[in-house]
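Novice: Predicted structure and sequence below. I'll ask about it afterward.
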Amino acid sequence: MKKKQASGSTPNQKAGTVERFSSTGFILAAIGSSVGLGNMWKFPYVTGKHGGAAFFLLFIVCLIVVGLPVLLAEMTIGRGGRGNAAVSFYKLTGKKYWSWLGLVSVITAFLIMSYYSVVAGWTLHYTVESFTGLLFRSGTDFKSKFELFASGYMPLFWQAVVMLVSGWILARGVSGGIEKFNKILIPGFLIILLVLMFRSLTLPGAAAGVEFFLKPDFSKLDAESALIAMGHAFFSLSLGMGCMLTYGSYVEKSQSLGKATLAIGFGDLVYALIAGLIIFPTVFSFGLEPGEGVGLAFMALPVAFSQMPFGAFFGGLFFLLLAIAALTSAISILEVPIAYAIHKWKWSRPRAALYVTVVCFLVGIPSALSVGGVLSSFVIGGKSIFDLVDFVTAYILMPLGGLIVALFTGYAWKRAGEEAGLSGFWYKAWMFLLRVTSPIIIVLIFLYSVGIIKL
Ligand code: PHE
């Protein structure tokens, strides 16, 4: 309560008003950001393909070696500079070119939101369709059903809903919006997660899925698995696009960023583990393919829901889980350009939220209409607009943003250790990881993703 008063945030933030998270509010919001669609469909898919638990172990190593040091660096820059993803770099060094580099993150976040909101919209549509039972009427060809849905204009409607809800929450401010809604959504999310885990673990034949997920097959690990695990650790912790930096700028000085880093990393990991324990037993119990890719959630799993008792209910819960995960991430992504706009154009928060949300929605329309819709035949370099925006942001701009953060903290900003509260061994280890390990690994991921190195 005391903290809340100190933060002084009200729903109607004026430009320049100090906005702060409470300490638990910050941890919840950061976990909400990291736990997202990526963990739920990308993680099980890549884990399935790369040796189950062996890949999971590799993912843990990557999280520790690359993810956590960059996560701490982002939050430290944000709190040290007390500014958005572009201006913090400038405030800490007085050098203009760093803020230009930081601007890359703001643009990346804006672009990611434009298509992330499309997928988040699909999850909302499927939540409604599943709870109402509409999804399970007229046959079980869920592939065609998804294609029919994606080829129409409904995805635009749902994308608009996601945008409006996220924009509305952000217009209410840091403590009255972001923090408040994460405090409501995350506990609800946890309950659904546990209900679904219990459901999937008690399905007939669930043990085969658990075994697949938890029994390591090291023969399937190769250099490619390592790069994928690293790339995923990065995406999963919401790094390289100013999200954690912007959230970091709202953290009180008294909060330990080191502990926050561990809590966020742990939260993300536990969630990835539970996501696997929901997906694999269900997949195995109904004889589906573990490596189904993005079709897993919308085409394969509905088959399982259509056959289990109370399937419409459990299916609805599953899509609701995805929708909450997507919404808490979407809020954090959209906050990056909104925080930038508030500072840059001196707009009030509600005005910045309105303008940024509307423009982002307009920019996202081509993505929404390019997955089987009217724009799907418009292909650039073999990729639809949706795939292209995804590829450019996730594989080019995010690694670039992460590299900028690592180099800035490792070489340009001399007082990072003080702000992060690290000294002695931990400071040296952190610096080594930021100066040497992370840049090398990020560059490798980048070169591999764009096809310059082949494994
Ligand atoms: N971490 C989120 C996920 O796993 C995605 C995300 C990326 C969110 C970047 C914010 C910023 O889906």
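Specialist: Thanks, I have the structure now.
Novice: interface residues of the stretch 251-400 of the chain facing the ligand?
Specialist: Ser329, Ser332, Ile333 (Cβ under 6 Å from any ligand atom). The C-beta positions use only the backbone N, C-alpha and C, and glycine is treated the same way.
Novice: Show the pLDDT at the first one.
Specialist: Here, the pLDDT recorded for Ser329 equals 97.
Novice: That one against Tyr116, yeah?
Specialist: Yes. Counting by Cβ atoms under 8 Å, Ser329 touches Tyr116, with 7.0 Å between them.
Novice: Pull up the overlap in contacts between these two.
Specialist: Common neighbours of Ser329 and Tyr116 (criterion: Cβ atoms under 8 Å, 6 or more residues apart in numbering): Leu37.
Novice: Three-state assignment for the spatially most distant residue from the centre of the chain, please.
Specialist: Largest separation from the mean C-alpha position in the chain: Ser138, at 34.2 Å (Cα atoms, centre = their mean). Three-state call for Ser138 (DSSP: H, G, I helix; E, B strand; the rest coil): coil.
Novice: okay, it: pLDDT?
Specialist: For Ser138, the pLDDT comes out at 81.
Novice: quick one, what contacts whichever residue of the stretch 351-455 of the chain sits closest to the ligand?
Specialist: Proximity of the stretch 351-455 of the chain to the ligand (Cβ to the nearest ligand atom) peaks at Met398, 7.2 Å away. Listed by Cβ under 8 Å, 6+ apart, the contact partners of Met398 are Thr108, Phe234, Phe235, Leu239, Gly240, Met241.
Novice: excluding its backbone neighbours, what's nearest the residue in the stretch 1-150 of the chain positioned nearest to the ligand?
Specialist: The ligand sits closest to Gly36 of the stretch 1-150 of the chain, with a gap of 2.4 Å, by Cβ to the nearest ligand atom. Among residues not flanking Gly36 along the chain, Ser329 sits closest, at 3.4 Å (Cβ to Cβ, 6 or more residues apart in numbering).
Novice: which element is the one you found on?
Specialist: Secondary structure assigned from DSSP states H and E places Ser329 in helix 311-345.
Novice: List the buried residues for that helix?
Specialist: 311-343 (16 or more other Cβ atoms under 10 Å).
Novice: before we move on, back to that, return the distance of the residue of the stretch 1-150 of the chain closest to the ligand relative to Leu239.
Specialist: Per Cβ to Cβ, to the nearest Å, Gly36 is found 12 Å from Leu239.
Novice: Now tell me what touches stretch 305-312 from outside.
Specialist: Counting by Cβ under 8 Å, 6+ apart, 130-133, 135-136, 140, 142, 199, 203, 286, 304, 314-315, 318 sit against stretch 305-312.
Novice: what pLDDT does the residue of the stretch 1-150 of the chain closest to the ligand get?
Specialist: Reading off the model, Gly36 has pLDDT 92.
Novice: ok, now Gly8?
Specialist: pLDDT, Gly8: 40.
Novice: Same check on Phe213?
Specialist: The score at Phe213 is 85. That number is its pLDDT.
Novice: Which helix or strand contains it?
Specialist: Per DSSP H and E: helix 206-214 holds Phe213.
Novice: ok, back up a step: and the helix holding Ser329, how far out from the chain middle?
Specialist: With Cα atoms, centre = their mean, to the nearest Å as the basis, helix 311-345 stands 9 Å off its chain's centre.
Novice: What helices and strands are in contact with the helix or strand following it?
Specialist: The helix or strand immediately downstream of helix 311-345 is helix 349-368, counting by DSSP H and E. Applying 3 or more Cβ pairs under 8 Å, 6 or more residues apart in numbering; DSSP states H and E, we find helix 349-368 packed against helix 96-131, helix 154-171, helix 311-345, helix 385-391.
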